[in-house]
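J.: Dropping the sequence and predicted coords here.
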Amino acid sequence: MNAPPNPEDTAPGERQGFWKRFSKTLEAGRQSYVADIKEVFGRPALDAAFWDDLETTLIAADAGVPTTERVVQDLRRQAAGAHLRSPADALAYLRADLVGELQGRPRALNLDGAPAVVLVVGVNGSGKTTTIGKLAYLLRREGRRPLLAAGDTFRAAAIDQLRLWGERAGVEVVAHQPGADPGAVAFDAVQAARARGAGPVIIDTAGRLHTRSDLMEELRKVRRVLQRLDPASPQEVLAVLDAHVGQNSAQQVKVFQEAIGLTGLALTKMDGSARAGVVLSIEAELSVPVKLVGIGEGLEDLNRFDPGQYLDALLRIEEAR
Amino acid sequence: MFESLTERLDQALKTLTGRGKLSEADVDAGLREVRLALLEADVNYKVVKDFVASIRARAVGAEVMDSLNPGQQLVKIVDEEMVRLLGDRVPMGYAPSPPTVIVLAGLQGSGKTTTAGKLALFTRREGHRPLLVSTDVRRPAAMEQLEILAKSINAPAYAPRGTDPVAIVAIARESLAEARRVNADVVIVDTAGRLQVDEDLLAELKRITDAVPAQHRLLVLDAMTGQQAVNVTVSFQRTISLSGAILTKMDGDARGGAALSLRAVTQCPIQFVGVGEKLTDLEIFYPDRMASRILGMGDVLTLIEKAQDQVDASQAREMEKKLRAGRLTLTDFMEQLKQVKKMGPLEGIIGMLPGAGKIKNLAGALPTDDQLKEMEAIILSMTPLERERPEVMDGSRRRRIARGAGTDIAAVNRLLKGFQQMQQMMKQMGKGKRIKGLPMDPAQLLKG
């Protein structure tokens, strides 16, 4: 379909461009429905209307009620102590505060192993297969030799979908028949990677709602198979979260975390108008760090999560840089 | 969480200032809790504001009825208003001169393709002949997916491969000729997922609905969608003037506030809900059930219906008699476990119960399929006498049973203890006592 892309095509400025694009898509999704966050922070005074609108914009960004209240109360305390005099001060304080919260968490992918294994899980339609295709390309560009495992043997044509992504990203795909045991696919993929000196192995899994404990057990089985091959495996268990999902995201993370243990998250569909304020509550309450963020359907539309740039985009601080 | 909302409201309204009537102060105190509950359910902030304002107007001065306390009275008003807002059920209409064309649109991953398959099955069960059409040339293997789904229900599919985006409109148009060729009277057009901010792709969607006489233009929306539900809906509404919507992934534990957001800004009816991965898992939308769910009151009605569907009515009556008389035997116990198993994964059932938030923690305490199998083996290893009168069970009998079932004595003891507890619970129920945490007599659930 597409010719395998040339890894040298990547321009050095691309990383910056990615976040600029992210910022721009947020701009495109500006809600006329609630006051815009940029506009709120641009106001002259810390008055009642400011606090109300700030609360509104944070909730509208899916930050959730508890997180919003915590943030606003803290800002109000600071303002009462005369540390903050204007909305601009509040913005600077808020950004520094949130950066402080988000930074210092390990967000690098652990890819040490022979081969390292990345198990990708999530609810239906969150974007697992697409994320895997893009992750494979990202890792290939970094000089690795990823190998994909078509562990979603349930959904119709999921295997074909992963194969096509494999072609696009220029990486091999290990697949069985539809309906095959996902554990067996994972086993074969790791063996294949060992034989070929490839890695990491990225394993796709069928989408499952976290409320299905039988399907959670299936994931645990895949995990057991991997651990039998290498006790340190899987090095990464990533849950894929759709940025459009609201407070249920936290519940998903919690249940997947309890069932199989997560090492990180991948946020997808951040190119819509979703503000993904959900990141704030998930990181605060469940210590699973966001590691990847996806903003489109193209091969290059996946990047590592950067808290500072994410907050600039979320709070729409453009002039600052 | 019904309990918790009512409890919270009771707490807030403990000192009713007006006499037997809800005063402004009472209502405001209560509405703060309502607002919070709605926001937790992901109802859009602005929708919450408007909704709460309309409740306030109705609630102030309302008489607190004898049968209800102030908190319940307020919940009743909120519930009624929400049901009203969520709207009437609108049956799927068919075009007087075929084909009836249905176009499905929505974000990536909302479940359009699976829903297309479910709708095809639904229309066929209503006596129609559906054709499934894929215009999704973007997502890799989307066309294959639709074809596989079509094949699994023996419906024709039209998914011409290898086309470029320019040809999408042509596919839609040609699908009408294909419908004539295969003698289909319903054409279900799947479209590529697109974001609400992507003007180009929205314009393309418009060209598709313009190219065919699309009687139904349905938005497929994930029930888990957060605050963005409003933006998504407004954007699709503006583009193709939606005629209805389908909420998907309702088998999860999301409260589904998106339904209220969607309905409040588009007025278009929600027609179906997707409740599982199988193609039969499409249900008609009921506003009253949705309202209960958003308010955290649990989907008791769906649960009852499910129980009615699955449980043999005469068997249930027989069982109920025994329950009331407190004459439950281990054979009955096993029958009951089997009935429960038939209703599907226990988590799904629990999710429908009021207070699901709290009860969910119980999920781990419930028997898994493997444990059910073990229980069955144990009971089958008993003699008829032992099943009828478990009290005869001594150490030697227990040992024999454990050996017969391939397990240990501890497992046999666990089962007997569980059975004993259940018997006690049933006796209480037989006396008409309510079990704490359930708003109604659970025995009703088993009635045919």
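T.: Here it is on my side, so go on. Numbers count the residues shown, from 1 in each chain, chains lettered A, B, ... in the order given.

J.: In the sheet, which residues pair with the residue nearest to B:A116 when sequence neighbours are not counted? Tell me.
T.: Nearest residue to B:A116, sequence neighbours excluded (CB to CB, 6 or more residues apart in numbering or on different chains): B:D190, at 4.4 Å. The way it works is simple: take the backbone N, C-alpha and C, and place the C-beta from them, glycine included. As for beta bridges, B:D190 partners with B:L104, B:S134 under DSSP bridges.

J.: any idea how far B:H216 is from B:D190?
T.: 13 Å (CB to CB, to the nearest Å).

J.: Looking at those two, which is more packed in?
T.: Set B:D190 next to B:H216 and count neighbours by other CB atoms under 10 Å in any protein chain shown: B:D190 wins out with 29 against 21.

J.: Not counting residues beside it along the chain, what's closest to whatever residue of the stretch 1-150 of chain B ends up closest to chain A?
T.: Closest approach between the stretch 1-150 of chain B and chain A, counting by CB to the nearest CB: B:G109, at 3.0 Å. With sequence-adjacent residues excluded and distances taken as CB to CB, 6+ apart, B:G109 is closest to A:G125, at 3.0 Å.

J.: okay, now that neighbour: neighbour count?
T.: A:G125 has 27 nearby residues by other CB under 10 Å.

J.: Give the phi and psi angles for it, as a check.
T.: In terms of degrees, to the nearest 10, the main-chain angles of A:G125 are phi 80, psi 10.

J.: So it sits against B:S110, correct?
T.: Yes. A:G125 is in contact with B:S110 according to CB atoms under 8 Å; the separation is 6.2 Å.

J.: Quick one: the helices in chain A, in order.
T.: Listed in chain order, the helices of chain A (DSSP state H) span A:14-28, A:37-41, A:48-60, A:65-80, A:87-102, A:128-141, A:158-169, A:182-196, A:213-229, A:248-260, A:278-285, A:307-315.

J.: Give me the angle between the third one and helix A:278-285.
T.: Pointing back at helix A:48-60 there. Interaxial angle of helix A:48-60 relative to helix A:278-285 (axes from the mean of the first three to the mean of the last three CA atoms, to 10 degrees): 90 degrees.

J.: Look up the closest residue to the closest residue to chain B within the stretch 151-300 of chain A, ignoring the ones flanking it.
T.: As assessed by CB to the nearest CB, chain B sits closest to A:G246 within the stretch 151-300 of chain A, at 2.3 Å. Distances taken as CB to CB, 6+ apart put B:G226 closest to A:G246, at 2.3 Å, once the chain neighbours are dropped.

J.: correct me, but the one you found touches A:D242?
T.: No. Using CB under 8 Å, B:G226 is not in contact with A:D242; the gap is 9.4 Å.

J.: which neighbours do the two share?
T.: Counting by CB atoms under 8 Å, 6 or more residues apart in numbering or on different chains, the residues touching both B:G226 and A:D242 are A:S249.

J.: which SS class is B:Q271?
T.: Using DSSP: H, G, I helix; E, B strand; the rest coil, the structure places B:Q271 in strand.

J.: Verify the contact between it and B:L218 for me.
T.: Yes. Under the criterion of CB under 8 Å, B:Q271 makes contact with B:L218 at 7.1 Å.

J.: okay, the two: which has more neighbours?
T.: B:L218 (29 against 21).

J.: quick one: the nearest residue to the more buried one once chain neighbours are set aside from chain A, how far?
T.: With sequence-adjacent residues excluded and distances taken as CB to CB, 6+ apart, B:L218 is closest to B:G244, at 5.0 Å. As defined by CB to the nearest CB, to the nearest Å, B:G244 lies at a distance of 20 Å from chain A.

J.: what about B:G244, how many neighbours?
T.: Using other CB under 10 Å, B:G244 has 19 neighbouring residues.

J.: With only the CA atoms kept, save stretch B:173-181 in CSV.
T.: Output in CSV follows, covering the C-alpha atoms of stretch B:173-181 (Å, rounded to 0.1, in the frame of the first residue of the first chain):
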residue,chain,number,x,y,z
ARG,B,173,-24.6,6.4,-5.0
GLU,B,174,-23.8,3.0,-6.5
SER,B,175,-25.0,1.3,-3.4
LEU,B,176,-28.6,2.1,-4.4
ALA,B,177,-28.2,0.1,-7.7
GLU,B,178,-26.5,-2.6,-5.7
ALA,B,179,-29.5,-2.7,-3.4
ARG,B,180,-31.8,-3.2,-6.4
ARG,B,181,-29.6,-5.9,-7.7
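
J.: Could you pull out the buried residues of that stretch?
T.: Neighbour-count burial for stretch B:173-181 flags B:174-176, B:178-179 (criterion: 16 or more other CB atoms under 10 Å in any protein chain shown).

J.: Residues in contact with that stretch: which ones?
T.: B:99, B:101, B:131, B:133, B:156, B:158, B:160, B:184-185, B:187, B:189, B:211-212.

J.: List buried members of those residues by neighbour count.
T.: B:99, B:101, B:131, B:133, B:156, B:158, B:160, B:184-185, B:187, B:189, B:211-212.
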